[in-house]
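> With the sequence up front, the predicted model follows.
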Amino acid sequence: MATITIGNKGLLRSHTCGELRIDHKDSKVSLCGWVNKSRDLGGLHFIDLRDKYGLTQLSFKEFKGDLGILKKCHLESTLRVTGEVRTRPEDARNKNMATGEVELMVESIELLSACDIESLPFLPHGTQEATENLKLKYRYLDLRSTRLQKILKIRSQATIDVRNILNEEDFIEVETPILYKSTPEGARDYIVPSRVHPGQVYALPQSPQTLKQLLMIGGTDKYFQICRCFRDEDLRADRQPEFSQIDMEVSFTTPSYIKSLVEKIVTKLFKFESGFSMPIMSYSQVMEVYGSDKPDIRFGLEQRIVTDLFKDSEFAVLSGPAQNGGLIKTMFVPAENGSFSRKDTDGFVDIVKPHGGKGVAFFKVNNGERSAGISKFIDDQIMKRLEESTGFSGDGTWLFFADLKPSVVHSCADALRRHLGKKLELIGEGYAFLWVNDFPLLDYDEEAKRFVAMHHPFTMPMEEDVEKFLQGGKENWEQVRAEAYDVVCNGYELGGGSIRIHRGDVQRKMFEALGMSEEETQHQFGFFLEALRYGVPPHGGLAFGLDRIVMLMTGTDSIRDVIAFPKTTSATDLMAQAPSTPGTAQLKELHMNFTK
């Protein structure tokens, strides 16, 4: 009989609950774990003991102690047991269990911590699914599930793989401050009042953008960090108030180096074959074809711009935008992909309405005959021009999106495309990555009546557009392109990057273009502008959203699944009951006064 020293690694156990096999027969072992199931078969007592690695059946057939202890070993209680590994009888072996050929003959048992079974809100491995809010409130119980433990393991391995790749590329990992300066970068900041500086606050970083650029100015050359970022913005399934980025920055680089580095990381994480590279589309192309700058390209339903075809149309819904600077797009659904009832087409308005759309015009083609919807406005000449200009033909349904605002048209077309992709079960398996390039540097915000940065205020214009940006004004800023690039996969933006501004004159012009006064610029970014005076290497980088990457790797559609302790869509922590109201003494110490 083989003998194994119990606890020889300084642990309370010699093996895990998923480790024992026939090879361990006759060995003395010690296990620790949770009671997953307990059975009393007329005097024969069994417990399935569980840890994150698996299950082992415990048998008390030869137990010499007081079996009364088993009455205290409720489900989810933690135990330590020692005993001898035996093979199960042939007819009692469980082929569905990794350890199903053996069992542990318990010689001693220690109840480490009893579970209050009467108040246990749910069983992590039970057959009845708990509600989402209940699982968030008792997150530590939900974390016992095999699914979440597997996700945490995958996330951990992903960070190890990224660190190894970047280490091979001579990157160094540098931590940047969490308490920092409030700077306008898009979303609202989370702020932290200062006790020692009354009336002043720190901000939690939305990203380490200026900090990593300062590291390049400081000669760091190649930096990375798996960092926490904080943004006070409206939440959704793929967004949390605090999240993790794989942040990278390189001096004296070109976009091609950043892209090759990113593709190397993606190849490793998603287990692609060597030589993997992503297709590339420009921003204008993806907006025209998919209506989104982060399209899911695993299925068709492409779109085409057909504005000019309807300037003389008798259908005012289309001719109005066509004659007044608006946009018209069409999307064709071939008959083999699916057909639509009147209820379906009436329901399209509910899909586009949240995006500013008023409805979706359509007509059908069956055996070459047009019918339904706006078919009476589509004569043979228009039909011919539609087919020639779009490349779409055959039987199916033509869908139209029109508005004076191009952004509304793109958003509506994208929303209906995604809806139909799911409804018609067109979305394939696997991963479809895409580079999106040639973004506009600036975008005009109609409501605010000013320009905003398409990516962020530190993005360099394309080299051939720099002088146009410096010497131009509002009339041509919309034509200036950014040296920026996004990584897209399956409808998610997984990462965004750019070549950064390394010239003080270009950075000052950017702040001017964003409507910032000289006083505001100095207050917010004076320290950064000064740094740009002292010799700056051209530099660039990219930040991956780690949480979204792990979402795709694990096949879940909620970012909460891949974060150990997430928050709800209202940014609350149900487990710790955060946020909470500070005490009077703490408010006084921080020189704060809350009003409701």
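In hand now; what should we look at?
> what about residue 417, how many neighbours?
If you count neighbours by other Cβ atoms under 10 Å, residue 417 ends up with 24. All C-beta atoms are positioned from the backbone trio N, CA, C, and that covers glycine.
> Can you classify residue 397 as helix, strand or coil?
Counting by DSSP: H, G, I helix; E, B strand; the rest coil, the backbone at residue 397 sits in strand.
> who touches it in this structure?
332, 333, 335, 339, 340, 362, 363, 364, 365 (Cβ atoms under 8 Å, 6 or more residues apart in numbering).
> From residue 380, how far off is it?
Shown here: residue 397 relative to residue 380, a distance of 19 Å by Cβ to Cβ, to the nearest Å.
> As TSV, the contacts of residue 397 with secondary structure would be great.
Shown next, in TSV, are the contacts of residue 397 (three-state DSSP):
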residue	secondary structure
332	strand
333	strand
335	coil
339	coil
340	coil
362	strand
363	strand
364	strand
365	strand
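> Of these, which is the nearest to residue 246?
residue 333 (38.0 Å; Cβ to Cβ).
> In the sheet, which residues pair with the closest residue to the closest one other than its chain neighbours? Tell me.
The shortest distance from residue 333 to any residue other than its chain neighbours is 4.7 Å, reached at residue 397 (Cβ to Cβ, 6 or more residues apart in numbering). When bridges are called by DSSP bridges, residue 397 pairs up with residue 333, residue 364.
> List only buried entries from the contacts of residue 397.
Neighbour counting with 16 or more other Cβ atoms under 10 Å marks 332, 333, 340, 362, 363, 364, 365 as buried within the contacts of residue 397.
> Closest one to residue 132 out of those residues, please.
Distances from residue 132 to the buried ones among the contacts of residue 397, taken by Cβ to Cβ, are shortest for residue 340, at 32.6 Å.
> Using pLDDT, spot the least trustworthy of the contacts of residue 397.
Taking the contacts of residue 397 together, the minimum pLDDT is found at residue 339 (92).
> if I look at that one, how far off is residue 482?
Here the criterion is Cβ to Cβ. By it, residue 339 lies 42 Å from residue 482.
> got it, and residue 27?
As judged by Cβ to Cβ, residue 27 and residue 482 stand 64 Å apart.
> Could you verify that residue 408 is part of a helix?
Yes. The secondary structure assignment for residue 408 places it in a helix, going by three-state DSSP.
> Can you name the residues that contact it?
Residue 408 makes contact with 355, 356, 357, according to Cβ under 8 Å, 6+ apart.
> Now, of those residues, which are buried?
Burial by neighbour count, 16+ other Cβ under 10 Å: within the contacts of residue 408 this picks out 355, 357.
> quick revisit: would JSON lines of the buried ones among the contacts of residue 397 with distance to residue 587 be doable?
Written out in JSON lines, the entries for the buried ones among the contacts of residue 397 read as follows (distance: Cβ to Cβ, whole Å):
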{"residue": "332", "distance to residue 587": "61"}
{"residue": "333", "distance to residue 587": "59"}
{"residue": "340", "distance to residue 587": "59"}
{"residue": "362", "distance to residue 587": "59"}
{"residue": "363", "distance to residue 587": "64"}
{"residue": "364", "distance to residue 587": "65"}
{"residue": "365", "distance to residue 587": "68"}
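> which helix is the longest one in this protein?
The residue-count maximum for a helix in the chain (DSSP state H) belongs to helix 146-168.
> Now the terminal residues of stretch 423-436, how far apart.
27 Å (Cα to Cα, to the nearest Å).
> so how far is that stretch off the chain centroid?
Relative to the mean C-alpha coordinate of its chain, stretch 423-436 is positioned 16 Å out (Cα atoms, centre = their mean, to the nearest Å).
> Any buried residues in it, and which?
Taking 16+ other Cβ under 10 Å as the basis for neighbour counts, the residues of stretch 423-436 that come out buried are 426, 432, 433, 434, 435, 436.
> what about the strands in the stretch 151-300 of the chain?
For the stretch 151-300 of the chain, strands defined by DSSP state E, counting those that start in this stretch occupy the ranges 172-173, 190-193, 201-204, 222-230, 242-251, 280-282.
> Quick one: closest of these to residue 156.
In terms of Cβ to Cβ, the element of the strands of the stretch 151-300 of the chain nearest to residue 156 is strand 222-230, at 11.1 Å.
> Check which residues of the closest one are buried.
Under the neighbour-count rule (16+ other Cβ under 10 Å), strand 222-230 has 222, 223, 224, 225, 226, 227, 229, 230 buried.
> what packs against it?
helix 146-168, strand 172-173, helix 209-217, strand 242-251 (3 or more Cβ pairs under 8 Å, 6 or more residues apart in numbering; DSSP states H and E).
> Redo the ones you listed as JSON lines? Include mean pLDDT.
What follows is the helices and strands packed on strand 222-230, written out as JSON lines (pLDDT from 0 to 100):
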{"stretch": "helix 146-168", "mean pLDDT": "97"}
{"stretch": "strand 172-173", "mean pLDDT": "98"}
{"stretch": "helix 209-217", "mean pLDDT": "97"}
{"stretch": "strand 242-251", "mean pLDDT": "97"}
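> between those, which gets nearest to residue 277?
With distances scored as Cβ to Cβ, the stretch of those nearest to residue 277 is helix 146-168 (16.2 Å).
> so how far is residue 249 from residue 488?
Counting by Cβ to Cβ, the gap from residue 488 to residue 249 is 21 Å.
> what residues are up against residue 101?
Contacts for residue 101 (Cβ under 8 Å, 6+ apart) come out as 21, 22, 87, 88, 93, 94.
> any idea which of these has the most stuff around it?
The member of the contacts of residue 101 surrounded by the most neighbours (other Cβ under 10 Å) is residue 88, with 16 neighbours in all.
> the more surrounded of residue 488 and residue 249?
For the pair residue 488 and residue 249, the greater number of neighbours falls to residue 249 (29 against 25), based on other Cβ under 10 Å.
> got any ranges where this structure has weak pLDDT?
1-8, 184-186, 237, 596 (pLDDT under 70).
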